[in-house]
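> just a sequence and a predicted model for now, questions to come.
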Amino acid sequence: MIKELHFRTPSRAVLHDITSQVQAAIREVKIESGLCNLYVPHTTAGLTINENYDPSVCQDILQRLEALVPMNGHYSHSEGNADAHVKASLMGHTATLMIEKGQLVLGTWQGVFLAEFDGPRSRRVLVKITATP
């Protein structure tokens, strides 16, 4: 079964911590051990796993991506969001995480982030949880 998580992103570019919502989806299915597959079905948003303790890490990531792929660069795509497509491709649209003892297996400071590059928008993250023996 696929569960949909829904988010409203607050700005054009943001790394939105969705760790607690993903963990809640795992609790709902009561899986003790398995895999959690996440997928963002949008072309201008992505997923990443990174530090969720110090918010300056997210700011640094967004600033570096903007420097690499500026919003007002020279692009063939004419909708005004070409940079968002490139940034989302660099970030990636999927993540697979382990589940053990009913919890996401993450490092001490890690969290799961929805990466928005063309907001504010309504976004979905699809979650597929699979049990393992």
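Good, I have the coordinates.

> number of nearby residues for D83?
By other C-beta atoms under 10 Å, 23 other residues sit near D83. (Glycine included, C-beta is placed from N, CA and C.)

> tell me the spacing between it and F117.
7 Å (C-beta to C-beta, to the nearest Å).

> again, but for R123
11 Å.

> comparing the two, which shows the higher neighbour count?
F117 (29 against 22).

> hang on, that one packs against A84?
Yes: if you go by C-beta atoms under 8 Å, F117 and A84 touch, sitting 3.7 Å apart.

> name the residues contacting each of the two.
Counting by C-beta atoms under 8 Å, 6 or more residues apart in numbering, the residues touching both F117 and A84 are T44.

> leaving out the residues flanking it, which one is nearest to G119?
T9 (3.8 Å; C-beta to C-beta, 6 or more residues apart in numbering).

> quick one: residues contacting the one you found.
Counted by C-beta under 8 Å, 6+ apart, T9 has contacts H16, A45, L114, E116, G119, P120, R121, R123.

> for the helix or strand the first one falls within, buried residues please.
What it means is H16. Following DSSP states H and E, the helix or strand that holds H16 is strand 14-17. Residues of strand 14-17 classed as buried by neighbour count (16 or more other C-beta atoms under 10 Å): V14, L15, H16, D17.

> no further questions, thank you.
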